[in-house]
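Chemist: need the 3D shape of this:
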Amino acid sequence: MRAISRVRRQQNPKNTASRKCYAMHPLVRKDPLARNAWRQLAPILQRMGLLTELDVSAFTVLCLTWARLERARHRLASATRRAKAPYTVEQLEAIRKCEVSVEKAEHSWRVLAGEFGLTPASRNRLDVVAPKGTLSDDEEALEAESFRDRYLKDPQ
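Modeler: Numbering: from 1, shown residues only. So this is what the prediction gives:
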């Protein structure tokens, strides 16, 4: 299978150039949650022009942060399931530690997601425009209307 994909890339030089920035960092390759995040987000961000070879290290951190967030959420869910009412001090302390780790991971994720335009507000701030053909007709009409309002309106 690897030999076939290598042959295809050699036959299509355009394919290798576009996949160059997808070279997954070894830490991401080892972590299944980070690897899934990479596989889901990398093609979308590259199409939007937000993922280049220069961004791979920051994108690696983003994927690893997502994995850390998912693990923290899982630990919180299992700590909550294990605790039985009336709660002991140790159970409440374990739940609170899990909540803090979830909060920290969510904060890190929000900061990094904003840098890559993964929230509506950050896309507005970054002025990201989706490539032609990726939006429906209605979405393209809204995008064009938004562009006209922002840049072509007469200043009064």
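Chemist: now the chain, which segments are flagged as low pLDDT?
Modeler: Scanning the chain for pLDDT under 70 picks out the ranges 1-22, 127-156.
Chemist: domain ranges for it, per the record?
Modeler: 2-118, 130-156 (automatic domain parsing).
Chemist: can you give me the helices in this protein?
Modeler: 2-11, 13-19, 26-30, 32-47, 56-82, 89-115, 120-126, 137-147 (DSSP state H).
Chemist: any chance of these in JSON lines, plus mean neighbour count?
Modeler: In short, each C-beta sits where N, CA and C put it, glycine included. Listed next are the helices of the chain as JSON lines, based on neighbours: other Cβ atoms under 10 Å:
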{"stretch": "helix 2-11", "mean neighbour count": "10"}
{"stretch": "helix 13-19", "mean neighbour count": "11"}
{"stretch": "helix 26-30", "mean neighbour count": "13"}
{"stretch": "helix 32-47", "mean neighbour count": "17"}
{"stretch": "helix 56-82", "mean neighbour count": "17"}
{"stretch": "helix 89-115", "mean neighbour count": "15"}
{"stretch": "helix 120-126", "mean neighbour count": "13"}
{"stretch": "helix 137-147", "mean neighbour count": "11"}
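Chemist: can you tell me what sits against stretch 29-40?
Modeler: For stretch 29-40, the surrounding residues in contact (Cβ atoms under 8 Å, 6 or more residues apart in numbering) are Met24, Leu27, Val28, Phe59, Thr60, Leu62, Cys63, Leu64, Trp66, Ala67, Glu70, Arg71.
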